[in-house]
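In: pasting the sequence and the predicted coordinates here, then a few questions.
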Amino acid sequence: MITPVYKNIEYLNEFYLERSLPNKGKLLVNEGEDVFSYTKVGYSKNAAHEMIIPKNLKFNPKLRSKKFIKSGDLLAFKDTTYLFAPFDGYMEEKNGGRFLVKHQEDFWLLSGISGLVEKIIPSKSCLIRTSGYKIKFFETSVKQIEGELKVLPNPSELLEIDFMQRYVKNGIGQIVYTGDYLRKSLLEKAIEIGCEGVICGSCDRETLLFAKQNNFFVGILSGFGRIPTHSKVYELLKHFDSKFLIVRENSKDMFISSENLNKNKNTLINTSFVFLKKGMDVITLEYPYYGWEAEVLNIESTVVSVKIKKNNEEIKLSTSVLIALA
């Protein structure tokens with residue numbers, strides 16, 4: 001019986017990604033040019049931003065002669081209310097009020113993927129054709145992120161924070177795979193050292209809510225509770241350690257490009273489905289086996305016999321509650 005099911009891992013032989021500058025700037029690449037993950041494709045100035053100092057607060061007198069203000073400096077206060085600078089900038093007075101104006105710096109846009117520049121929109125963006133892997137998240141806290149993938153070696157819970165400190169000394173620009181289960185204490189450590197985000201096999205809803213409240217990216221691969229990262233997903237993440245990954249807006253997929261692109265446009269059609277076969281590894285979506293890995297034993301119409309790998313139990317499930325680990 002030919003039975004299609006959804007794939008958890010998908011190889012895209014042709015994929016287009018637009019890389020855009022935050023403001024009008026200058027692109028450094030041309031159509032037909034090869035780019036790699038860390039190619040600088042353009043630059044612009046960060047968007048101008050200013051914050052008004054409320055007039056009901058007393059301005060910090062120590063800053064009167066200070067032209068440049070650092071993030072964290074005390075700006076104003078009243079009784080037990082304190083206002084600190086959220087960014088570096090300059091103090092300006094206009095229209096009878098005080099404003100902290102953000103210091104503008106060059107923003108460098110990286111390609112993030114290996115591929116071929118297909119189209120240029122001058123001063124704005126470039127369209128890159130690439131190929132690579134798409135891995136589906138069960139849930140995410142933030143809808144868009146990009147950065148360098150750092151894979152920790154699945155430590156025990158007692159060593160998690162120690163491993164984080166040892167392998168990720170400076171988390172800036174890094175999205176860290178932390179292991180099968182994400183505890184809130186480890187999430188707090190990731191935020192503290194400046195990581196862009198974390199990826200885990202599973203976590204509880206309270207931890208995910210904490211990430212949302214802090215506008216911090218958490219990508220859950222398997223589900224809520226204590227569900228391990230599926231073996232094929234973990235092996236793929238290890239293979240792409242230190243590579244650039246992208247999660248696009250309104251998507252629950254991460255994309256990591258492969259290093260080699262077939263420059264002849266592919267005729268194969270990207271598909272999110274695969275036909276079930278005997279011996280194939282799948283993920284079950286039915287309780288009490290939700291998120292567990294299983295092996296296909298037999299296929300009968302829309303009912304599939306599988307063996308749960310965790311305890312070798314043999315059960316029958318509908319194809320509608322299976323995802324292929326392909």
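Out: Noted; the coordinates are in hand. Here the structure is a predicted model, which is why all the values come from computation and not from measurement. Residues are numbered from 1 along each chain as shown.
In: CA only for contacts and neighbour counts going forward, please
Out: Noted.
In: tell me the contacts of E148?
Out: E148 makes contacts with 173-175, 242-245, as judged by C-alpha atoms under 8 Å, 6 or more residues apart in numbering.
In: what residue ranges in the stretch 1-150 of the chain score low on pLDDT?
Out: Residue ranges of the stretch 1-150 of the chain with pLDDT under 70: 1-6, 46-49, 64-67, 103-104.
In: most neighbours, which of the contacts of E148?
Out: Sorting these by how many neighbours each has (other C-alpha atoms under 10 Å) puts I175 first, at 27 neighbours.
In: now do the helix or strand that contains that residue: which elements does it pack against?
Out: Per DSSP states H and E: I175 is located in strand 174-182. Applying 3 or more C-alpha pairs under 8 Å, 6 or more residues apart in numbering; DSSP states H and E, one finds that strand 174-182 contacts strand 145-151, strand 197-203.
In: what's the most buried one of the ones you listed?
Out: A comparison of these by mean neighbour count, using mean count of other C-alpha atoms under 10 Å, puts strand 197-203 on top with a mean of 26.
In: where's G173 relative to F36, distance?
Out: 17 Å (C-alpha to C-alpha, to the nearest Å).
In: how deep is the closest residue to E14 other than its chain neighbours tucked in, by neighbour count?
Out: In space, and not counting its chain neighbours, E14 is closest to S131: 5.1 Å by C-alpha to C-alpha, 6 or more residues apart in numbering. The number of residues packed around S131, counting by other C-alpha under 10 Å, is 23.
In: ok, the one 3 residues further on next?
Out: By the criterion of other C-alpha under 10 Å, K134 has 22 neighbours.
In: wait, isn't it in contact with N13?
Out: No: checked against C-alpha atoms under 8 Å, the pair K134 and N13 is beyond contact range at 10.7 Å.
In: using PDB, write out every CA atom in stretch 310-326.
Out: Output of stretch 310-326 as PDB, limited to C-alpha atoms (Å, rounded to 0.1, in the frame of the first residue of the first chain):
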ATOM      1  CA  LYS A 310      11.900   3.100  23.900                       C
ATOM      2  CA  ASN A 311      10.300  -0.100  25.200                       C
ATOM      3  CA  ASN A 312      10.000  -2.400  22.100                       C
ATOM      4  CA  GLU A 313       6.200  -2.300  22.400                       C
ATOM      5  CA  GLU A 314       4.400  -3.200  19.200                       C
ATOM      6  CA  ILE A 315       1.200  -1.100  18.500                       C
ATOM      7  CA  LYS A 316      -1.100  -0.200  15.600                       C
ATOM      8  CA  LEU A 317      -1.600   3.400  14.700                       C
ATOM      9  CA  SER A 318      -3.400   5.500  12.000                       C
ATOM     10  CA  THR A 319      -1.100   7.000   9.400                       C
ATOM     11  CA  SER A 320      -2.600  10.400  10.400                       C
ATOM     12  CA  VAL A 321      -0.700  10.400  13.700                       C
ATOM     13  CA  LEU A 322       2.800   9.600  12.200                       C
ATOM     14  CA  ILE A 323       5.600  11.800  10.900                       C
ATOM     15  CA  ALA A 324       8.500  10.300   9.000                       C
ATOM     16  CA  LEU A 325      12.000  10.900  10.200                       C
ATOM     17  CA  ALA A 326      13.200  11.100   6.700                       C
END
